[in-house]
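> need a structure here:
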Amino acid sequence: MDSVWLVKAEDLREYSAAVLQALNVTQGAAEVISGALLDAELRGLDTHGAVRLPPYATLIKRGTIDPPIHRLSDDLGVSRLKRSGYA
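Next up is the predicted model:
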């Protein structure tokens, strides 16, 4: 049987950001990524939430991904995120 952990949303965000920063991800990128993981959790998209942190960490350690994040805006004021450096 799987274990269920109850964690405060802000604690999860801070933990995820700290893990990413420990992997030399910039603070800004770590905040964006951890926010996206938390948003997925809060929306019930468990497959795209905190469960992604260990695989992301592995890919960062291997150099497979370089996680700088670029925020793009279009003429309508809609923001999108573009991840760069996926090898």
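> most residues in a single helix of the chain, which one?
helix 27-42 (DSSP state H).
> Just the pLDDT for the most centrally placed residue in the chain.
What sits nearest the mean C-alpha location of the chain, by CA atoms, centre = their mean, is residue 33, with 2.6 Å. Looking at residue 33, its pLDDT is 91.
> Also residue 29?
87.
> Can you show me the helices along this protein?
Under DSSP H, the chain gives helices at 9-22, 27-42, 53-62.
> Highest mean neighbour count out of those?
helix 27-42 (a mean of 17; mean count of other CB atoms under 10 Å). C-beta coordinates here come from the backbone N, C-alpha and C atoms, glycine included.
> returning to what we had before: could you check the distance from the residue nearest to the centre of the chain over to residue 20?
6 Å (CB to CB, to the nearest Å).
> Could you tell me which residues touch both of the two?
56, 67 (CB atoms under 8 Å, 6 or more residues apart in numbering).
> Rebuild the helices of the chain as a markdown table, extending it with distance to residue 3.
Output for the helices of the chain, formatted as a markdown table (distance: least, CB to CB, whole Å):
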| stretch | distance to residue 3 |
| --- | --- |
| helix 9-22 | 16 |
| helix 27-42 | 16 |
| helix 53-62 | 15 |
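> so where is this protein shaky, pLDDT-wise?
Scanning the chain for pLDDT under 70 picks out the ranges 1, 68-87.
> just to revisit the earlier point, give the other helices and strands that the longest helix of the chain contacts.
For helix 27-42, the elements it packs on are helix 9-22, strand 69-73, judged by 3 or more CB pairs under 8 Å, 6 or more residues apart in numbering; DSSP states H and E.
> If I take it and helix 53-62, what angle do their directions form?
Orientation check (axes from the mean of the first three to the mean of the last three CA atoms, to 10 degrees): helix 27-42 against helix 53-62 gives 150 degrees.
> pretty sure residue 33 contacts residue 52?
No: under the criterion of CB atoms under 8 Å, residue 33 makes no contact with residue 52, lying 9.1 Å away.
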